[in-house]
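Chemist: Let's see this in three dimensions:
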Amino acid sequence: MKKPWIYISTLLIFFVLSEPARAQQLALLHYGGGGDWYANQRTSLPNLIDFARQNGLALDPEQAVVTPDSPDIFNYPYIHATGHGRIWFTPAEAANLRKYLESGGFLHIDDNYGMDPYARKAIAQIFPDRTLQELPADFEIFHNRFDFPDGLPKIHEHNGKRPQAFGIFINGRLALLYTYETDLGDGWESYEVHHDPPEKHLQALQMGFNILYYVFTH
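Modeler: Residues are numbered from 1 along each chain as shown. Okay, the predicted model is just below:
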């Protein structure tokens, strides 16, 4: 006859393993400085969330909006920032973002054309002691679920430069991702917004999924 404590332990293990994953909510960063943080708010991140849910990630269907100085920032495993212009953090905001990233959070800044000089300065506000590293084409974020042999895909032409992905690592984990000359966020948008070809829209969503997959497995 089984001892009662063994029986209870077996039941607890069963319920833990069979419990569905708790849905996580993703957030859009409402930053200061005058830039259009809301540029892709209507369909971009919502479309990525929908695509990720279809491919097995347990996500809340609604996006959140959070400011850099908010204590709520720690509730979100992934925070997305985009826009065309100036992005700036106060010292308190930069410190809060750094604490969030050092605590396991993930910030993805996606240049929506024209944001680049401001984005790099904003990143330096968060990490004045670190430098952005370009991610090589064989980095796992380009291959974990959908394969991108050449690295970051080119979604919008802009200046015709090659797409680049840069990162800040904390204890070996990619904590901040900066994507440049690709415009993933515009690629996530619905067709009627930018009229992207279906293959570009799919590439952007697949790359976005790879990013989220990395976030949830590291």
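Chemist: use CA for all of it now, contacts and neighbours both
Modeler: Fine.
Chemist: Show me what the residue positioned nearest the centre of the chain bridges to in the sheet.
Modeler: In the chain, the residue lying closest to the centroid (Cα atoms, centre = their mean) is His108, at 4.2 Å. Counting by DSSP bridges, His108 forms beta bridges with His80, Leu177.
Chemist: How about the contacts made by it?
Modeler: Contact analysis of His108 by Cα atoms under 8 Å, 6 or more residues apart in numbering lists 78-81, 176-179.
Chemist: Doesn't Ile168 lie inside a strand?
Modeler: Yes: counting by DSSP: H, G, I helix; E, B strand; the rest coil, Ile168 is found in a strand.
Chemist: Run through the residues that contact the closest residue to it other than its chain neighbours.
Modeler: The spatially closest residue to Ile168, leaving aside those adjacent along the chain, is Leu176, at 5.1 Å (Cα to Cα, 6 or more residues apart in numbering). By Cα under 8 Å, 6+ apart, the contact set of Leu176 is 101, 106-109, 167-169.
Chemist: Widest-spaced pair of the residues you listed?
Modeler: Distance extremes for the contacts of Leu176: the farthest pair is Ile109 and Phe169 at 14.5 Å, using Cα to Cα.
Chemist: and the gap between the residue nearest to Ile168 and Arg42?
Modeler: According to Cα to Cα, to the nearest Å, Leu176 stands 24 Å off from Arg42.
Chemist: Glu189 against Asn40, yeah?
Modeler: Yes: the pair Glu189 / Asn40 is scored as a contact, 7.2 Å apart, by Cα atoms under 8 Å.
Chemist: which helix of this structure spans the most residues?
Modeler: Scanning the chain for the longest helix, with DSSP state H as the assignment, gives helix 198-217.
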